[in-house]
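>>> Let's see this in three dimensions:
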Amino acid sequence: MRLLLGSLILIPMVAVTQPLPTKSGIEEPLCNIESDSLQYSGDATDYYAVAANLFGASERELRQATTNRGKAGRVLIKPGVRFGYRREMGPLTAASLRLSYAEGVANIEAGISTKGWYDVRIGGENLFCDANVVLAYEASTEQIPVYFYGLGFLAPRRNARTKYYRHISEAKLAYMQRAADNLWLGIGANYSFVRSRRMSRLGLEYLQEAGEVLSQIRTASIVGVMRYDSHRREDNVERGVRFTLMQAMHPNILTDYTHTLWHTSLRVDTYCPLWQGATWITDIVGELWSYHTPWLLWPSAGIDRRLRIYSYGSYVDRNMIAAHAVVRQHLYGPFGVEVWGGAANVFSKSIRWSQMLPSYGLGVRVNLGRGLMLGLGYGRGRAVDGVVIYVNEEF
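The predicted model follows:
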């Protein structure tokens, strides 16, 4: 009870919690269009209406930038400092600086924690053709402490936990164009260097057992994306559809790996109003990699807050699918509640229904204004349960 009360007191002070690692460290930003300007690391859950904004500016900011076109010299500066906590990372802090100008936005972000996590990012978007075309860019480097059990569904059940540090350095460039009212098409080029650092002897044994001994990979990819977004919020309810399909190719001539790799990502979200102040939301996602993809690029069940009860690195495999649903109910003023449930499956070749990973729970949500939504809940999964704190969750 003291812990719960302490969390409720600390929530207004927290501007971000649990920064999550990217899916692969490569294509994720092309389909992860974040609505939360306070989030600095993607988890494929935060979307908004402007599909061309790849690296975090809000729809309101892009509209403001469009309105300001032609007003030479007008620059809006938005600094930010935030604090958070994650079990693997310990207490963390991050600072950001956003510059909004007539033709777009630019961001500088940096964060650090007491247990070895750090993240530095520089990126932005430039608008063209009355905001119907966006050119986005980003360069980043990040180190993430990861609790590791091995690879595959059975690993957390039979292996002791160990730890390593996942390091990702990236450069990304993307071009997005509006094809219809809510439909965007885009193409991008990404370069990424991914490696495991300070892997324990036990972790190396797990990798050798799985036949995955690669400790680093450099790769470049060509990425295509299609996105439709009619999602809107009205009077404490939500309605519409979000659809994102991404296909990436990693030619072997552009990597230090012997095989050409393929990555397909699909996400569908639907929002349906129920009774007064209530919304039913469904979420379906798939992350599929070609057979020869090394383990450093595989997805994890704990990568996303729809599976928020599982820690990143606990269930890791070449492919992942997940389906979830949530009912949100607005109560009074800034307060609301939600109930969620669903399941995911990580697999190498084919889905095994006996290896589903359930996730369900309930929580409260508090709208603190200026786009900041904070939540506190309790969830359960397969052999795991606990309190979860989340910021601006959007699925």
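>>> low-confidence ranges in the stretch 151-300 of the chain?
Of all residues in the stretch 151-300 of the chain, none has pLDDT under 70.
>>> let's see it at 80
235-236 (pLDDT under 80).
>>> So which residues of it form helices?
For the stretch 151-300 of the chain, the helices defined by DSSP state H, counting those that start in this stretch cover 155-158, 201-209.
>>> Can I get the ones you listed in TSV including mean neighbour count and distance to Glu138?
For glycine as for every other residue, the C-beta is placed from the backbone atoms N, C-alpha and C. Supplementary listing: those in TSV, determined by neighbours: other C-beta atoms under 10 Å; distance: least, C-beta to C-beta, whole Å:
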stretch	mean neighbour count	distance to Glu138
helix 155-158	16	32
helix 201-209	15	30
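>>> How many residues are close by Met249?
By other C-beta atoms under 10 Å, 16 other residues sit near Met249.
>>> correct me, but it touches Thr255?
No. Taking C-beta atoms under 8 Å as the definition, Met249 is not a contact partner of Thr255, at 10.7 Å.
>>> got any residues that touch both of these two?
Common neighbours of Met249 and Thr255, counting by C-beta atoms under 8 Å, 6 or more residues apart in numbering, are Leu261.
>>> thinking again about what came up before, mind putting the helices of the stretch 151-300 of the chain into CSV with distance to Val133?
Below are those laid out as CSV (distance: least, C-beta to C-beta, whole Å):
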stretch, distance to Val133
helix 155-158, 45
helix 201-209, 44
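>>> Of all those helices, which one is nearest Ser230?
Closest to Ser230 of the helices of the stretch 151-300 of the chain, according to C-beta to C-beta: helix 155-158, at 38.6 Å.
>>> hmm, who's touching that closest one?
Tyr149, Gly150, Tyr206, Ser314, Tyr315, Val316, Ala383.
>>> Quick check: the gap between the fifth one and Pro156.
For Tyr315, the distance to Pro156 equals 6 Å [C-beta to C-beta, to the nearest Å].
>>> next one: the first one
Distance, Tyr149 to Pro156, by C-beta to C-beta: 4 Å.
>>> which residue ranges form the strands in the stretch 1-150 of the chain?
76-86, 90-101, 104-113, 118-128, 133-148 (DSSP state E, counting those that start in this stretch).
>>> Same check on the stretch 151-300 of the chain?
So, for the stretch 151-300 of the chain - with DSSP E, counting those that start in this stretch - the strands run 162-178, 183-197, 216-229, 232-234, 237-250, 261-273, 278-289.
>>> Quick check: Ala95 touching Ile112?
No. Here Ala95 lies out of contact with Ile112, judged by C-beta under 8 Å, at a distance of 9.5 Å.
>>> for Ala322, which residues make a bridge with it?
Here Ala322 sits in beta bridges with Val285, Ala344, going by DSSP bridges.
>>> Run a quick neighbour tally on it.
25.
>>> Can you tell me how far it is from Ser300?
In terms of C-beta to C-beta, Ala322 sits 11 Å off from Ser300.
>>> Distance to Glu212 added to the strands of the stretch 1-150 of the chain, as CSV?
Putting these into CSV (distance: least, C-beta to C-beta, whole Å) gives the following:
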stretch, distance to Glu212
strand 76-86, 26
strand 90-101, 28
strand 104-113, 27
strand 118-128, 26
strand 133-148, 12
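>>> Out of these, flag the one nearest Tyr378.
strand 76-86 (17.0 Å).
>>> quick one: strands adjacent to the closest one?
Sheet pairing for strand 76-86, assigned by DSSP bridges, gives strand 90-101 (antiparallel).
>>> Could you look up the SS state of Ser350?
In the three-state summary, Ser350 is assigned as coil, counting by DSSP: H, G, I helix; E, B strand; the rest coil.
>>> Also the one 4 residues further on?
At Ser354, secondary structure determined by three-state DSSP is helix.
>>> Give me the neighbour count for the nearest residue to Lys115 once chain neighbours are set aside.
Excluding the flanking residues, the one nearest Lys115 by C-beta to C-beta, 6 or more residues apart in numbering is Gly90, at 4.0 Å. Around Gly90 there are 13 other residues, counting by other C-beta under 10 Å.
>>> wouldn't Gly90 be in contact with Ile112 here?
No. At 10.4 Å, Gly90 and Ile112 do not qualify as touching, with contact defined as C-beta under 8 Å.
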